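Asker: After the sequence you'll find the predicted model.
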Amino acid sequence: MEKIAISSTKGGVGKTSLTVLIAKHLQSKGLKIGIVDADIYGPNILRLLDFKNKQYELILKENNLFEPVVIDGIALSSISFVINQSEAVAWRGPMLSSAIKQIVTKVDWGNLDFLLIDMPPGTGDAYLTIFDEIKIKKSLLVAVDDELSIDDLKKTDNLFNKLNVSQIGIIENLSEKFLLGDKPILSKKIQDEFPNHKILFSLPRIPKSQFYNEIRKISKLKDYFPDKLLT
Ligand SMILES: Nc1ncnc2c1ncn2[C@@H]1O[C@H](COP(=O)(O)OP(=O)(O)O)[C@@H](O)[C@H]1O
Ligand SMILES: [Mg+2]
């Protein structure tokens with residue numbers, strides 16, 4: 001099971017959305033995928049999967065590991081299972097470490113090909129704790145063609161270089177250079193600013209009315225994924 005962090009310093013660039021989309025894309029290639037919602041500041045992947053108000057039961061198995069919640073074939077564990085969301089930001093180091101341990105190492109993931117980690121924004125203590133506890137070695141960066149977002153992403157890039165996390169490449173999101181259904185145009189600016197990274201693919205900014213449908217069914221968006229992502 002390979003663990004891959006979906007990262008960016010900035011919030012709102014599409015980490016969570018892309019975690020779901022990548023999971024669905026890889027699943028459509030026959031791979032077994034799990035997701036860890038590690039966004040301690042705002043775990044929201046269940047909402048994106050249309051599962052927010054549905055019932056789920058955390059089952060502790062005989063081997064003392066929890067069963068992940070399985071949604072449309074994707075195994076999921078979320079920080080929202082172990083905490084009340086409003087408490088999250090008040091956590092100190094050891095509490096955070098133990099919660100992260102609980103949602104990753106105390107889960108019976110079975111035979112997964114990839115475990116995708118939906119990261120919180122930032123490069124602070126929470127970030128380091130998650131990388132430490134989960135022993136993540138690889139990361140995908142999410143970038144938006146925007147000055148502030150690029151400045152912030154450089155911090156993540158630097159941090160990963162220090163932590164020796166290898167970076168698979170950049171995914172550009174929210175591009176305004178093409179529309180859903182059009183041929184993609186990759187950002188020259190992002191490529192210039194990160195000369196050592198490859199832009200793996202780019203997704204357009206999608207009208208709200210179509211976005212959630214695309215996230216759940218990944219119909220038109222699937223044309224933007226490279227055939228071999230991560231394999
Ligand atoms: N390609 C896209 N087109 C349109 N809206 C998007 C796209 N990607 C993300 N969004 C929207 O942007 C917001 C932030 O996305 P999210 O995945 O939660 O980002 P992050 O996890 O980085 O904070 C959400 O409201 C989401 O619906
Ligand atoms: Mg998120």
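Answerer: On my side now, so go ahead. Ligands and ions are numbered 1, 2, ... in the order given.
Asker: Work out the gap between the lengthiest helix in the chain and the centre of the chain.
Answerer: In the chain, ranked by residue count with DSSP state H as the criterion, the top helix is helix 147-163. Centre-to-centre, helix 147-163 and its host chain are 16 Å apart (CA atoms, centre = their mean, to the nearest Å).
Asker: Helix or strand next in line after that helix, which one?
Answerer: Of the helices and strands lying after helix 147-163 in sequence (DSSP states H and E), the nearest is strand 166-175.
Asker: Contacts only, for the most centrally placed residue in the chain.
Answerer: In the chain, the centroid-proximal residue (CA atoms, centre = their mean) is D118; its distance is 3.0 Å. D118 makes contacts with 6, 15-16, 19, 35-39, 45, as judged by CB atoms under 8 Å, 6 or more residues apart in numbering. C-beta here means a position set from N, CA and C on the backbone, and glycine is covered the same way.
Asker: what's the answer for K3, then?
Answerer: Counting by CB under 8 Å, 6+ apart, K3 touches 114-115, 117, 134-138.
Asker: Who is it paired with across the strands?
Answerer: K3 has these beta-bridge partners by DSSP bridges: L115.
Asker: Distance of it relative to ligand 2?
Answerer: Distance of K3 to ligand 2, computed by CB to the ion, to the nearest Å: 17 Å.
Asker: before we move on, back to that, find the nearest non-adjacent residue to the residue nearest to the centre of the chain, please.
Answerer: Excluding its sequence neighbours, the residue lying closest to D118 (CB to CB, 6 or more residues apart in numbering) is T19, at 4.2 Å.
Asker: Quickly check the contacts of K3 for the two that are furthest apart.
Answerer: Spatially, the most separated pair among the contacts of K3 is F114 and K135, at 14.7 Å (CB to CB).
Asker: my guess is E176 meets R205, correct?
Answerer: Yes - taking contacts as CB atoms under 8 Å, E176 lies within contact range of R205: 5.6 Å.
Asker: Kindly reformat the contacts of D118 as CSV containing neighbour count, pLDDT and distance to D227.
Answerer: Shown next, in CSV, are the contacts of D118 (neighbours: other CB atoms under 10 Å; pLDDT from 0 to 100; distance: CB to CB, whole Å):
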residue, neighbour count, pLDDT, distance to D227
I6, 25, 97, 20
K15, 26, 96, 23
T16, 25, 96, 24
T19, 27, 97, 20
I35, 27, 97, 22
V36, 28, 96, 26
D37, 26, 94, 27
A38, 29, 93, 28
D39, 24, 90, 29
I45, 26, 90, 25
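Asker: Just the ones of these in strands?
Answerer: Here DSSP state E is the test, and those give 6, 35-37 as lying in strands.
Asker: Tell me the residue of the chain that sits nearest ligand 2?
Answerer: Nearest to ligand 2 in the chain, going by CB to the ion, is T16, at a distance of 3.3 Å.
Asker: picking up where we left off before, am I right that the residue nearest to D118 is in contact with P43?
Answerer: No - in this structure T19 lies outside contact range of P43 using CB under 8 Å: 11.7 Å.
Asker: ok so, going back, can you turn the buried part of the contacts of K3 into a ChimeraX selection?
Answerer: A single ChimeraX command selects the buried members of the contacts of K3 (16 or more other CB atoms under 10 Å):
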select :114,115,117,134,136,138
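Asker: Adding distance to S77, write the contacts of K3 out as JSON lines.
Answerer: Formatted as JSON lines, the contacts of K3 follow (distance: CB to CB, whole Å):
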{"residue": "F114", "distance to S77": "14"}
{"residue": "L115", "distance to S77": "9"}
{"residue": "I117", "distance to S77": "10"}
{"residue": "I134", "distance to S77": "11"}
{"residue": "K135", "distance to S77": "16"}
{"residue": "I136", "distance to S77": "15"}
{"residue": "K137", "distance to S77": "19"}
{"residue": "K138", "distance to S77": "19"}
